[in-house]
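Enquirer: Show me how the following folds:
(one chain, ligands or ions: 2)
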Amino acid sequence: MDRQEAAASIQSPADEPPLPSALTSETPPAPVRANARWDDWRWQIRNRIRSFAQLTEQFPPLRGHRAIEKVVERYPLAITPYYASLIRVPGYQDPIFRMSVPQAQELCDPSFLTPDPLEEEADMPVPGLVHRYRDRALLISTTMCAMYCRHCTRKRVAGTRETSLSVARLREVAQYLAAHPEITDVVVSGGDPLTMSTSLLERILAALRAVPSVQIIRLGTRAPVVLPQRITEELTRMLRKYHPLWINTHFNHPQEVTAESAAACTRLADAGIPLGNQSVLLRGVNDSPLIMEELCRALVRMRVRPYYLFQCDLVRGIEHFRTPLSRGIEIMEYLRGRLSGLAIPQFVVDAPHGGGKIPLLPNYIVSSSPTHTVLRNYEGLLVNYPEPIVPETARRAFPKRAATGVWGLASGRLSAIAPAVTVRQRNGHREYSPGDPRQTEFAGF
Ligand SMILES: *Cc1c(COP(=O)(O)O)cnc(C)c1O
Ligand code: SF4
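Expert: Ligands and ions are numbered 1, 2, ... in the order given. The predicted structure follows:
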């Protein structure tokens with residue numbers, strides 16, 4: 001499929017009439033929470049929506065949509081009753097619905113999308129273990145997840161079968177780690193490792209801990225978001241034996257922050273586990289500065305540190321979720337200065353061809369010379385940062401002629417060029433005005 005054909009298939013996903021964006025005609029009742037077993041994570045797993053028939057039972061307007069049925073045949077479907085209960089208005093404009101209910105657009109196959117764009121399979125010295133960076137490795141511990149995110153980057157793996165690492169494979173992994181003491185940090189990922197029983201997960205953690213060179217163990221899990229019932233006392237009692245253990249979870253939208261998910265994060269944090277969050281930037285879900293701000297503030301309140309904001313990988317089946325790179329940069333531009341650095345994730349692109357993660361930011365370096373670097377802040381204040389004086393640049397550090405503009409900063413004649421209005425000014429701390437002599441008081445440094 002070339003770009004044009006892909007564009008056409010996105011506009012009219014199939015030969016069927018397009019779905020209304022809100023399926024309000026026959027909105028089904030939310031799953032009954034007054035269920036004695038609701039808080040039992042195994043009940044939640046057993047009662048997931050797994051088939052097209054179950055999906056249409058829950059959302060009748062999807063009935064007869066053959067394209068969606070085809071998607072379910074191609075990519076696995078699972079939605080926990082808990083996650084389904086977070087849907088407010090059934091329809092693709094609801095972020096929970098959009099992340100969990102298949103869309104016909106998943107069949108859109110432009111040629112630049114592939115099942116494994118990060119070429120993880122090529123970086124597996126042992127089946128299941130991705131060793132890309134020198135000092136850390138990623139273990140695909142299971143192919144099962146509680147909910148199959150429609151935007152999953154491992155659509156080729158997650159849910160195709162629901163199996164976990166065998167004892168024999170685990171032994172191979174441990175042998176490889178022991179033979180490669182440069183690996184000090186192992187990310188236990190999947191799938192979702194917290195879909196495994198506590199005893200099975202413990203077997204993996206114990207095997208990793210038994211390798212003396214492994215210093216840090218990390219778990220990547222979406223359980224706090226889609227299956228918070230999984231975070232039991234029994235689990236945290238086991239996990240705390242394997243410190244230093246870190247967990248990265250995957251919240252994408254403030255609607256996922258609930259009393260249940262907050263309680264799950266509290267239990268993990270109280271077990272001494274530092275929590276991070278890896279969001280994926282998704283069109284129609286969280287591709288907005290205001291939504292990301294709300295999410296990041298909510299995460300920090302739950303003691304979850306926003307870690308990464310991922311650009312969508314070039315994975316087959318997720319074209320409709322992709323955003324232009326400029327959207328991520330726009331969001332970073334908005335967050336910096338408005339939120340604590342503690343609440344700001346790094347925006348990263350996981351490069352095709354196994355290039356690894358590349359951070360992207362707006363440009364903060366405006367210009368530079370051997371003596372000065374010109375920086376801008378989020379408000380547009382331009383400042384010069386005088387570089388250390390070294391013999392080769394000492395003479396250049398004292399320009400004789402007056403200078404204006406950015407070159408004035410780069411040559412050291414001007415110290416700052418301030419916007420007309422700044423937050424500091426409004427706070428009454430400091431006034432800048434164009435032509436203020438203080439702007440040049442450090443000239444010649
Ligand atoms: C993301 C990733 C890691 C971990 O990277 P960090 O930047 O340390 O979080 C390790 N291995 C692989 C293959 C990865 O994709
Ligand atoms: S939880 Fe992670 S691995 Fe599982 S489907 Fe979602 S994104 Fe994929």
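Enquirer: so who does the residue positioned nearest the centre of the chain touch?
Expert: In the chain, the centroid-proximal residue (Cα atoms, centre = their mean) is Ser279; its distance is 2.2 Å. Ser279 makes contacts with 250-252, 286, 292, 295, 306, 308-310, 345, as judged by Cβ atoms under 8 Å, 6 or more residues apart in numbering. Heads up, the C-betas are built off the backbone N, CA and C, glycines and all.
Enquirer: Can you tell me which of those residues comes closest to ligand 2?
Expert: Nearest to ligand 2 among these is His250, at 6.0 Å by Cβ to the nearest ligand atom.
Enquirer: so where is the stretch 1-150 of the chain shaky, pLDDT-wise?
Expert: 9-32, 34 (pLDDT under 70).
Enquirer: Could you rerun that using 80?
Expert: 1-34 (pLDDT under 80).
Enquirer: Now do the strands in it.
Expert: Assignment of strands within the stretch 1-150 of the chain using DSSP state E, counting those that start in this stretch yields the ranges 129-130, 136-140.
Enquirer: Let me see the residues that make contact with the first one.
Expert: Outside strand 129-130, the residues within contact range by Cβ under 8 Å, 6+ apart are 120, 123-124, 137-140, 173, 176-177.
Enquirer: one more time with 10 Å, if that's ok
Expert: For strand 129-130, contacts defined as Cβ atoms under 10 Å, 6 or more residues apart in numbering pick out 118-124, 136-141, 165, 169, 172-174, 176-177, 180, 183, 186-187, 189, 354.
Enquirer: Pull out the buried members of these.
Expert: Listed as buried from these are 118, 120, 124, 136-141, 165, 169, 172-174, 176-177, 180, 183, 186-187, 189, 354; burial here means 16 or more other Cβ atoms under 10 Å.
Enquirer: of those, list those near ligand 1.
Expert: 136, 138, 187 (Cβ under 6 Å from any ligand atom).
Enquirer: Kindly reformat these as CSV containing distance to Leu113.
Expert: Formatted as CSV, these follow (distance: Cβ to Cβ, whole Å):
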residue, distance to Leu113
Arg136, 27
Leu138, 22
Val187, 24
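Enquirer: Give me the subset of the contacts of strand 129-130 lying in helices.
Expert: 169, 172-174, 176-177 (DSSP state H).
Enquirer: follow-up on the earlier one: export the strands of the stretch 1-150 of the chain to a markdown table and append columns for distance to ligand 2.
Expert: Formatted as a markdown table, these follow (distance: least, Cβ to the nearest ligand atom, whole Å):
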| stretch | distance to ligand 2 |
| --- | --- |
| strand 129-130 | 13 |
| strand 136-140 | 9 |
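Enquirer: As a markdown table, those strands with distance to Ser340 would be great.
Expert: Converted to a markdown table, these look like this (distance: least, Cβ to Cβ, whole Å):
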| stretch | distance to Ser340 |
| --- | --- |
| strand 129-130 | 33 |
| strand 136-140 | 27 |
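Enquirer: For Pro61, find the nearest of those strands.
Expert: For the strands of the stretch 1-150 of the chain, proximity to Pro61 was assessed by Cβ to Cβ; strand 136-140 is nearest, at 36.2 Å.
Enquirer: Indicate which one of the strands of the stretch 1-150 of the chain is closest to Ala104.
Expert: Closest among the strands of the stretch 1-150 of the chain, once you apply Cβ to Cβ, is strand 136-140, at 28.8 Å.
Enquirer: how distant is that closest one from the center of its chain?
Expert: 17 Å (Cα atoms, centre = their mean, to the nearest Å).
Enquirer: Dump it to PDB, restricted to CA.
Expert: The C-alpha trace of strand 136-140 is given here as PDB (Å, rounded to 0.1, in the frame of the first residue of the first chain):
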ATOM      1  CA  ARG A 136      20.900  -3.000  29.700                       C
ATOM      2  CA  ALA A 137      18.600  -5.600  28.200                       C
ATOM      3  CA  LEU A 138      14.900  -6.200  27.800                       C
ATOM      4  CA  LEU A 139      13.200  -9.500  28.600                       C
ATOM      5  CA  ILE A 140       9.900 -10.400  26.900                       C
END
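Enquirer: downstream neighbour of the helix or strand where the residue nearest to the centre of the chain lies in the secondary structure list?
Expert: Counting by DSSP states H and E, the element that carries Ser279 is strand 275-280. Using DSSP H and E, the helix or strand that follows strand 275-280 towards the C-terminus is helix 289-301.
Enquirer: mind listing what Phe347 touches?
Expert: 279, 281, 292, 308-311, 325, 327-329, 331-332, 335, 358-362.
Enquirer: I'd like the list of those residues that fall within helices, please.
Expert: Per DSSP H, these map to helices at 292, 325, 327-329, 331-332, 335.
Enquirer: what separates the closest residue to ligand 1 within the stretch 151-300 of the chain from Asn377, distance-wise?
Expert: Residue nearest to ligand 1 within the stretch 151-300 of the chain: Val187 (5.3 Å; Cβ to the nearest ligand atom). The gap separating Val187 from Asn377 is 34 Å, by Cβ to Cβ, to the nearest Å.
Enquirer: From Met292, how far off is Pro228?
Expert: Taking Cβ to Cβ, one finds Pro228 at 22 Å from Met292.
Enquirer: and those two? which has more neighbours close in?
Expert: Set Pro228 next to Met292 and count neighbours by other Cβ atoms under 10 Å: Met292 wins out with 28 against 25.
Enquirer: Which positions in stretch 80-92 come out as buried?
Expert: Here stretch 80-92 shows 80-87, 90-92 as buried, counting by 16+ other Cβ under 10 Å.
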